[in-house]
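In: can you look at this prediction? I've put the sequence above it.
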Amino acid sequence: MNAILFVTDPLAGLLAEIDATIGLMHASQELGHDVWCCRPEELAVVDGRLRAHAHKIRLRPRHPGGDHRWVVDRTWWDELDLAMVEVADFDVVHLRIDPPVDDRYLHTTYLLDLAGTRVVNRPDGIRAVHEKLVALRFPELCPPTYVGPSVSGLREFVARVGTAVVKPVDGFAGLDVWLVHDDHAAVALLESATHGGRRQVIAQQYLPAVEHGNKRLFLLDGEIAGAVLRRPCADDFRIGPPVAPAAIEDADLAIAAALKPLLVRHGLVIAGADVIGGRLIEVNVTCPGGMHKTDALLGTRLSHAMVSHLVHDREGVLA
């Protein structure tokens, strides 16, 4: 069919200048593939076969701009066709729904189990590997970490490590992330973070090395395809957009080597590992991003390399 299907959120809500899904769409189109898309609600199983009420689109031209973006038309795509299609006929299906991994997300993964073609990332792999907790399978690679809802337990952890970054286990996009110091405000902050001890959170020792950058390792079948540095914003301890290419260091290679067997076993082809000071923080697998921003900022071709690898380079060698 020479076509790729993207199961994604509504197109009108995506930011064409920076969204990684659109970067993958552009790369697919430029490499000669038809681009189709549908929302999860447009999937259906009929007589055991997965079908999609899908839209064939053509992306409009884009031009390099500033601020980590491309200059694009406000309406960045044209719809060419609308049809009920067999999902098995596509070369690749991209699962590109933004977190959280809620009922809508999970139900979509169960439908895509019936896709009959390659799904990136593999639905059962996403269900098996929790991107916030998977790093804890490799404790020697992580900063000191506490997971749980107990305010007293968290308070003891903060007292031990001095300062901790606290975030919900089911969090995403930097929402509800707290910086908690070992001081008189800690208990109140932890009560808020855990909803009074009712919500599971992850607390990790704050690493001052973040001032030098949070490194995103772009992993393709467990191999490092590129890396970029992101730094905290001037008025916010949370991480901002890519600012510079990152050198691949021995610690990064060790992290990738440790993760590769797990990622390959679960079909998690595209992943983003977040690393601070050589320590693994989390591994993004649900809807890994950052490639489009990085390509715009640094002149890389991560999106093209990933699409080419998926469709053409079946042996896993990047062009």
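Out: Sure, I can see it.

In: going forward, measure contacts between C-alpha atoms and count neighbours the same way
Out: OK.

In: please report the distance of the residue most central in space within the chain from Leu253.
Out: With distances taken as Cα atoms, centre = their mean, Pro288 lies nearest the centre of the chain, 1.9 Å away. Here Pro288 is placed at a distance of 19 Å from Leu253 (Cα to Cα, to the nearest Å).

In: residues touching stretch 164-180, excluding its own?
Out: 99-101, 132-133, 158, 163, 181, 186, 189-190, 193-194, 199-206, 237-238 (Cα atoms under 8 Å, 6 or more residues apart in numbering).

In: give me the mean pLDDT for the one helix or strand Ser308 maps to.
Out: Using DSSP states H and E, Ser308 sits within helix 302-311. Here helix 302-311 scores 90 as its mean pLDDT.

In: for that helix, C-alpha coordinates in CSV please.
Out: As requested, the backbone C-alpha atoms of helix 302-311 are provided in CSV (Å, rounded to 0.1, in the frame of the first residue of the first chain):
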residue,chain,number,x,y,z
LEU,A,302,15.8,12.3,13.4
SER,A,303,12.3,12.0,12.1
HIS,A,304,13.5,10.9,8.6
ALA,A,305,15.9,8.4,10.1
MET,A,306,13.2,6.8,12.2
VAL,A,307,10.7,6.6,9.3
SER,A,308,13.4,5.2,7.0
HIS,A,309,14.4,2.6,9.6
LEU,A,310,10.8,1.5,10.2
VAL,A,311,9.9,1.1,6.6
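
In: what sits up against stretch 210-222?
Out: Contacts of stretch 210-222 (Cα under 8 Å, 6+ apart): 224-232, 239, 246, 252, 256-257, 259-261, 263-264, 267-277, 291, 306, 316.

In: show the average pLDDT along the helix or strand harbouring Ala27.
Out: Taking DSSP H and E as the criterion, Ala27 maps to helix 20-30. For helix 20-30, mean pLDDT is 95.
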